[in-house]
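Student: requesting a structural model of the entry that follows:
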Amino acid sequence: MMSTQESVQRLIHAAHAIIESTVVRFGGLGTRQLNWKPTVSTWSVGQCFDHLVTANTAYFPTFQTILRGEKVSTFWERLPWYPSLWGKVLLKAFDPESPRRLKAPKVFRPSAGNIDAAVIDRFVEQQHQFARYMDAMKDMDLERVIISSPVTSLVTYSLLDTYRMLIMHERRHIRQATKVLETEGFPI
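Tutor: From the prediction side, this is the model:
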């Protein structure tokens with residue numbers, strides 16, 4: 001069985017691999033390409049990345065509170081079985097291989113307007129920051145540090161599951177953005 005530190009090192013490595021593949025695959029896209037949508041009801045490449053930046057950075061204040069040693073557990077976070085239940089449910093839901101489509105919470109929905117070309121740079125910088133947070137907290141007991149979802153305090157999970165979910169979520173949307181690139185009619 002892999003130790004928590006080994007798991008975190010793999011997740012940090014995955015975060016850096018996501019940065020590299022994002023820069024290669026999406027870094028040279030212009031505004032028109034980033035905003036092109038195959039259908040009215042699908043997201044553009046830019047919207048996928050705008051969503052990821054918004055969703056991921058919502059966790060950063062909690063990460064900062066943990067690093068400062070100021071994290072106070074809520075009632076829901078203290079329930080012994082509750083966080084692991086939510087962790088399992090959400091990890092399954094965020095699995096990039098899952099065919100089930102999820103509706104993004106309103107607070108995490110991307111801009112409906114044009115997304116500027118700097119969205120890829122914002123994602124890359126946010127991803128570097130995420131990797132720095134994981135590295136800074138790697139020696140903590142990440143399965144025992146419990147946090148609440150930025151969407152609702154009723155949903156709780158471990159910090160280790162948070163890292164796993166964020167990486168899976170990124171992979172899911174990068175896969176979605178890649179499908180947009182590969183759609184017939186994508187502007188070259």
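
Student: three-state assignment of residue 157?
Tutor: Counting by DSSP: H, G, I helix; E, B strand; the rest coil, the backbone at residue 157 sits in strand.

Student: who touches it in this structure?
Tutor: Counting by CB atoms under 8 Å, 6 or more residues apart in numbering, residue 157 makes contact with 83, 84, 86, 87, 90, 146, 147, 149, 165. Quick note: C-beta positions are derived from backbone N, CA and C, even for glycine.

Student: nearest to residue 13 among these?
Tutor: Comparing the contacts of residue 157 against residue 13 with CB to CB places residue 165 closest, at 16.9 Å.

Student: secondary structure element for the closest one, which one?
Tutor: helix 159-181 (DSSP states H and E).

Student: just the strands in the protein please.
Tutor: Taking DSSP state E, the strands of the chain run over residues 146-148, 156-158.

Student: what about those, which gets the closest to residue 188?
Tutor: For the strands of the chain, the distance to residue 188 is smallest for strand 156-158, at 41.6 Å, taking CB to CB.

Student: and that closest one, how far out from the chain middle?
Tutor: Put simply, strand 156-158 sits 15 Å off its chain's centre (CA atoms, centre = their mean, to the nearest Å).

Student: model confidence over that strand, on average?
Tutor: For strand 156-158, mean pLDDT is 96.

Student: list the neighbouring strands of it plus their orientation.
Tutor: Using DSSP bridges, strand 156-158 pairs in its sheet with strand 146-148 (antiparallel).

Student: what comes into contact with the worst-scoring helix or strand of the chain on mean pLDDT?
Tutor: Least confident helix or strand, the chain: helix 82-94 with a mean of 88, by mean pLDDT, DSSP states H and E. Under the criterion CB under 8 Å, 6+ apart, residues 76-77, 98, 100, 102, 146, 149, 155-158, 161, 164-165, 168-169, 172 lie in contact with helix 82-94.

Student: just checking, what packs against the helix holding residue 165?
Tutor: Here helix 159-181 touches helix 4-26, helix 45-57, helix 82-94, helix 119-136, strand 146-148, going by 3 or more CB pairs under 8 Å, 6 or more residues apart in numbering; DSSP states H and E.

Student: same thing but 10 Å
Tutor: Applying 3 or more CB pairs under 10 Å, 6 or more residues apart in numbering; DSSP states H and E, we find helix 159-181 packed against helix 4-26, helix 31-35, helix 45-57, helix 60-67, helix 82-94, helix 119-136, strand 146-148, strand 156-158.

Student: name the residues of it that come out as buried.
Tutor: Using 16 or more other CB atoms under 10 Å as the test for burial, helix 159-181 gives 159-174, 176-177, 180.
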